[in-house]
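>>> Fold the following, please.
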Amino acid sequence: MTDEHPEGDRGRHSAATDPSAREASAVPPGGTGGPADLATPPVGSPSVDPLTDTGRHALVEPVPEDEPGREEPSPPVSPPVSPPVSPPGRGRSVLALAAAAVVLALLAGAVGGWVGWSLADRRTDELGVLERGLPAPDPASAQLTPVEAVAAKVLPSVALLRVEGGGPGGDEGSGIVLSPDGLLLTNDHVIAPAAEGGTITAVFADGRAFTGRIAGRDVGSDLSLLRLDGAAGLTPAELGDSESLRVGQQVVAIGAPLGLDGTVTTGIISALDRAVSVGGGGGQATVLNTVQHDAAINPGNSGGPLVDLQGRVIGVNSAIASTGGERGGSIGVGFSIPVAQAARVADELARTGTATRAVLGVTVTQAGAPAGGGAVVGQIAPGSPAEQAGMRPGDVVLRIGDRPIEDGDELVAAVRDHRPGEQVTVSLANREVQVTLAGEPS
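As a prediction, this is how the structure comes out:
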């Protein structure tokens, strides 16, 4: 502490370390020494600083200079300067505040670290795949799925057919390779625009293109053969068995829907022995016996293969059901000609240029059709297999072999599913007859 009193007042104080000063300050002259005298400082004394003067300086009563018997007091000695002293308890508060600040700093660091980690982790979640990059390709370790294996096997055996008619019309479809030197099977309605003059071009997955010529047509079965000029080294498709197909069996369709060559779709067999009338009008010449499936096919798939999971052709994609429109797309209801029928027709066309079909020798009518289903016989051709078997007009055909007959289209499809010369059992409403089917040019 530094005293700021005037120089003349310094004689009133003595250092606290002077014994005579402490003794003299016990009882001031004229006082009683009681508590009241100690509690009230003499008039004219400096005010006591409660923070710095407590217990450090005693008050000294001034002595007149001319008073006899009294010695001059020793010259005033300045008290030693002490460092500032904090109020009682302030040191502990400072330490507590410092500790709290350290704790807060640690907490802030922890919170900041957690926030940073969270943001980094979130960024990793959002961009981690991009940050890690792509794995190096390793074709040797990739095992083909069944559909991939089918695609790899069958795609080289399927061609995109571009057909230009003699007039303004044209079409696109697909074809199935039957021989290395360029024999192709397709639908008749695909190549029909070029039948009276036009061009047919077959394009393969490897980029090769060949000009095609019609080698034979069967309008009744909607099948035709093409011969590709200058073709060699093509990959023939493997033919399968359509007689043992099962509903629910997985199948793959390959072709060029809407001109998109090399398209692969998958599905299952939805139904067998489905009678489908194509070409309009419901005439017998356009009724097909088909395999129904839900592998997506569209215009351009016609003539392409339907294959099993071994890559064997089990049908020729030929038609789709549509809800309307000029170019209706797939609704999951497609139809394929069974390969057993297609192969027989293709063989005949390749050998003779024409094909035959099995016939029963009857016409059908809707008159008198029973509510429970069946085909009503209208007329019977003289000398036909039906007449020879004893069938009569008005008979109701309920079954051909094991196949139920719901209407006239079903009867036509069931007969055409057999070869000419085969013997079949015809179940009528009131009897059964055995019929040997005849053949006629398609």
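
>>> Okay, and the beta partners of Leu225?
Bridge pairing for Leu225 (DSSP bridges) gives the partners Leu185, Gly216.

>>> wouldn't it be in contact with Glu348 here?
No: if you go by C-beta atoms under 8 Å, Leu225 and Glu348 don't touch, sitting 9.7 Å apart. To be clear about C-beta, it is placed using only N, CA and C from the backbone, and glycine gets the same treatment.

>>> okay, those two: which has more neighbours?
A direct count of neighbours by other C-beta atoms under 10 Å for Leu225 and Glu348 places Leu225 higher, at 27 against 20.

>>> Which parts of the stretch 251-400 of the chain are strands?
Here the stretch 251-400 of the chain has its strands, by DSSP state E, counting those that start in this stretch, at 263-277, 287-293, 305-307, 312-320, 334-338, 356-359, 362-365, 375-380, 396-400.

>>> For the last one, name the packing helices and strands.
What that stands for is strand 396-400. Judged by 3 or more C-beta pairs under 8 Å, 6 or more residues apart in numbering; DSSP states H and E, the packing partners of strand 396-400 are strand 375-380, helix 408-416, strand 423-428.

>>> Repeat the analysis, applying 6 Å as the threshold.
When contacts are defined as 3 or more C-beta pairs under 6 Å, 6 or more residues apart in numbering; DSSP states H and E, strand 396-400 packs onto strand 423-428.

>>> relative to strand 396-400, how tilted is the next helix or strand after the strand it packs on?
Tracing the chain past strand 423-428, the next element assigned as helix or strand by DSSP states H and E is strand 432-436. Interaxial angle of strand 432-436 relative to strand 396-400 (axes from the mean of the first three to the mean of the last three C-alpha atoms, to 10 degrees): 60 degrees.

>>> Could you check the angle strand 432-436 makes with helix 408-416?
Orientation check (the same axes, to 10 degrees): strand 432-436 against helix 408-416 gives 50 degrees.

>>> ok, and what's touching strand 432-436?
Pro385, Ala389, Gly390, Gln423, Val424, Thr425, Val426 (C-beta atoms under 6 Å, 6 or more residues apart in numbering).

>>> Please identify which of these is nearest to Val364.
Val426 (13.0 Å; C-beta to C-beta).

>>> can you tell me which residues contact the closest one?
Val433, Val435.

>>> cutoff 8 Å now
Listed by C-beta atoms under 8 Å, 6 or more residues apart in numbering, the contact set of Val426 reads Leu360, Ala389, Met391, Val397, Arg399, Ile400, Glu432, Val433, Gln434, Val435.

>>> among these, which ones are buried?
The neighbour count (16 or more other C-beta atoms under 10 Å) marks Leu360, Ala389, Met391, Val397, Arg399, Ile400, Val433, Val435 as buried among these.

>>> Mind putting those into TSV with pLDDT and distance to Val278?
Below are the buried ones among the contacts of Val426 laid out as TSV (pLDDT from 0 to 100; distance: C-beta to C-beta, whole Å):
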residue	pLDDT	distance to Val278
Leu360	94	21
Ala389	94	29
Met391	95	28
Val397	95	22
Arg399	94	24
Ile400	94	21
Val433	95	30
Val435	95	26
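
>>> Among the contacts of strand 432-436, which one lies nearest to Trp114?
Among the contacts of strand 432-436, Val424 lies closest to Trp114 (C-beta to C-beta), at 82.6 Å.

>>> For that closest one, give the beta-bridge partners.
Here Val424 sits in beta bridges with Val435, going by DSSP bridges.

>>> Quick check: it touching Ala438?
No: using C-beta under 8 Å, Val424 makes no contact with Ala438, being 11.8 Å away.
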